[in-house]
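Chemist: sequence unknown, structure follows:
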DNA sequence: CTGAAAGCGCTAACAT
DNA sequence: ATGTTAGCGCTTTCAG
């Protein structure tokens, strides 16, 4: 195994017979250089296989080129896809994500934040699900959230969840459902997908029926809970709008176990529409979030904040909601 | 937005009325300290909300506390799960992963490696799929691969793929299949899952039937290609062993479209058995890789290499193959 | 027990 | 056009 000693600027300088400053200049393409020395330095650089030490550069520039990416778990298809697109968008700005899985635990997220600040990340993109962590307020670092309202002054990018809820519910009604139930992870005022669902049902004068199963329950409790929740409304409903595709998958399994035909006996619509999910369950009818757009937007907002670094005016950026699309499958 | 100026050691020192050296000592718990000053410094530390600058520490210690994690894409369930477990295992050693998606492109992987070395990551864990990138040989940095033979001296952790191939194939035969086809992403001598498949068929005196569809084809070409591949063997086969669960999902869709009952007309077995996949397609019969074990083993090997840093004896670590398990679903 | 000072690898004045 | 030097924020001898 090669000795772990990377060549330094001085090694290149010595080799090229110039000073470190000169090497630094050709590296950063700054100031006046004679073609001759530039060439000589270039040669020396790849003779010794020199690669600038970004750590040293960071110390001076106060920029590490890294961004903390916090998600509940990249094993969840939605966040896996988010991670890919974020990484891609960051790369276009010469940034790399430090991956953090919070598992939905507030304590872990707190530790992660400390660690990221310690590493002096240039910014943080948070898609975690713990609402309102006070720590974010005192971070002294640019933050952008994905599908999560953290605080009024923190930019938030998300899909148009309420419209998505409306589209899903309307689609079920259009296909003949009379009693669509909402299966979600947390039912509350600010659940916009739920609000869309309730809105459409109100117009249609249909009584809403909501069942909730906590997103962060461990398996197999979660699956059991979902099954039980569906059992509890089984007699009265003829369709399910699931606020994410994973719930929808379990709803399909529930129907299968109960010999209920989909969409004949019960219609199912999901939410998220990740590429992976559509590959695994191509038949699933769902509402697709514009993940790639959301991610490039989030990165753009973050980079803008990083750009005006010091402590400039907050440039008010309200929540940005991007349009969703209906993916017609054969489950609704 | 708060000014992006983190407090420095000097700020704490001034506040506590001591020198920076003393603050450094309490931070690192080194040398002799009077309880009085220690307490005073501690107080000062959290009065100013001090958080050590890891960048500066890294410059001195030659350790960044970061590890490059290269995978084709965390949006792929297997690699998403790998990423989660790697992050978890790294965290136990105070390390964080810098996430890199190679999309299976060798040129991108080359760039990623350069960038990671530039960032002076403490090590690299590679689960990417481009075989034999020469760059790895000259990395001067600890490397461990997951499910990938890079070079004889680079430790590799993987599932017992050949045994998995055998188990899958045997299971199909046991369930009555007479002509199981292998659907894989690349057919060749060193495809161990394929070797297991061929081995069992040889014993049973059944002619193997292999169709391959490149893993890195973009959608929707890939799905089309898989469908076509299955069409091409449709008449002669009665079962499919897919070398990953994504292929299996598409095989199920193929059967659905052709009104072929599963497992009545055609039996399907997959490979990987990630938690996510099992949640989405709980009925799928598959061979589960011990992902958590593989990841903690990979991290352990990496940390050992990092520990003996300089350029010590390579401590020969042959490929480690961990046992797989059969997940009985209802597709075989 | 604590402080002063050197230096990690690099960039940016300031000289020459 | 190129070299010298002073830090970036921290740890670590070496003094005291």
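Modeler: Cool, got the structure. Computed from a predicted model, the values in this text were never measured in an experiment.
Chemist: Show the pLDDT at residue A:3.
Modeler: Per-residue pLDDT puts residue A:3 at 43.
Chemist: now swap in residue A:309 and tell me
Modeler: At residue A:309, the pLDDT value in this model is 61.
Chemist: got any ranges where chain A has weak pLDDT?
Modeler: Residue ranges of chain A with pLDDT under 70: A:1-4, A:130-131, A:309-314.
Chemist: Walk me through the domains of it.
Modeler: A:9-52, A:66-159+A:292-322, A:161-289 (automatic domain parsing).
Chemist: Please convert those domains to a markdown table, extending it with mean neighbour count and distance to residue B:166.
Modeler: C-beta coordinates here come from the backbone N, C-alpha and C atoms, glycine included. Shown next, in a markdown table, are those (neighbours: other CB atoms under 10 Å in any protein chain shown; distance: least, CB to CB, whole Å):
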| stretch | mean neighbour count | distance to residue B:166 |
| --- | --- | --- |
| domain A:9-52 | 15 | 44 |
| domain A:66-159+A:292-322 | 20 | 28 |
| domain A:161-289 | 20 | 26 |
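Chemist: Minimum distance to DNA strand C: which of these has it?
Modeler: Of all the domains of chain A, domain A:9-52 sits nearest to DNA strand C, with 3.0 Å by CB to the nearest atom of the strand.
Chemist: Pipe the domains of chain A into CSV and attach distance to residue B:290 per row.
Modeler: Listed next are those as CSV, based on distance: least, CB to CB, whole Å:
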stretch, distance to residue B:290
domain A:9-52, 36
domain A:66-159+A:292-322, 15
domain A:161-289, 17
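Chemist: right, so of those domains, which gets closest to DNA strand D?
Modeler: domain A:9-52 (2.7 Å).
Chemist: Is the closest one in proximity to DNA strand C?
Modeler: Yes: applying CB under 7 Å from any atom of the strand, one finds domain A:9-52 in contact with DNA strand C at A:9, A:10, A:20, A:21, A:24, A:27, A:28, A:30, A:50, A:52.
Chemist: Name the helix or strand for the last one, please.
Modeler: Remark: residue A:52 resides in no helix or strand, with elements defined by DSSP states H and E.
Chemist: Equivalent analysis for residue A:67, please.
Modeler: strand A:66-71.
Chemist: Quick one: distance of the helix or strand following that strand to the chain centre.
Modeler: Where DSSP H and E defines the elements, the next helix or strand beyond strand A:66-71 is helix A:77-91. Relative to its chain's centre, helix A:77-91 lies at 6 Å (CA atoms, centre = their mean, to the nearest Å).
Chemist: Please work out which residues outside stretch A:110-117 touch it.
Modeler: When contacts are defined by CB atoms under 8 Å, 6 or more residues apart in numbering or on different chains, stretch A:110-117 is touched by residues A:68, A:70, A:98, A:100, A:102, A:124, A:133, A:135-136, A:139-141, B:6, B:51, B:96.
Chemist: Counting by contacts, list what the helix or strand where residue A:14 lies packs against.
Modeler: Element membership for residue A:14, per DSSP H and E: helix A:9-16. For helix A:9-16, the packing partners by 3 or more CB pairs under 8 Å, 6 or more residues apart in numbering or on different chains; DSSP states H and E come out as helix A:20-28, helix A:35-48.
Chemist: still on that earlier bit, greatest separation within the contacts of stretch A:110-117: which pair is it?
Modeler: Greatest spatial distance in the contacts of stretch A:110-117: A:102 and B:6, 22.7 Å, computed using CB to CB.
Chemist: Next, the contact list for the closest residue to residue A:93 other than its chain neighbours, please.
Modeler: Nearest non-adjacent residue to residue A:93, counting by CB to CB, 6 or more residues apart in numbering or on different chains: residue A:303, 5.2 Å away. Listed by CB under 8 Å, 6+ apart, the contact partners of residue A:303 are A:93, A:95, A:123.
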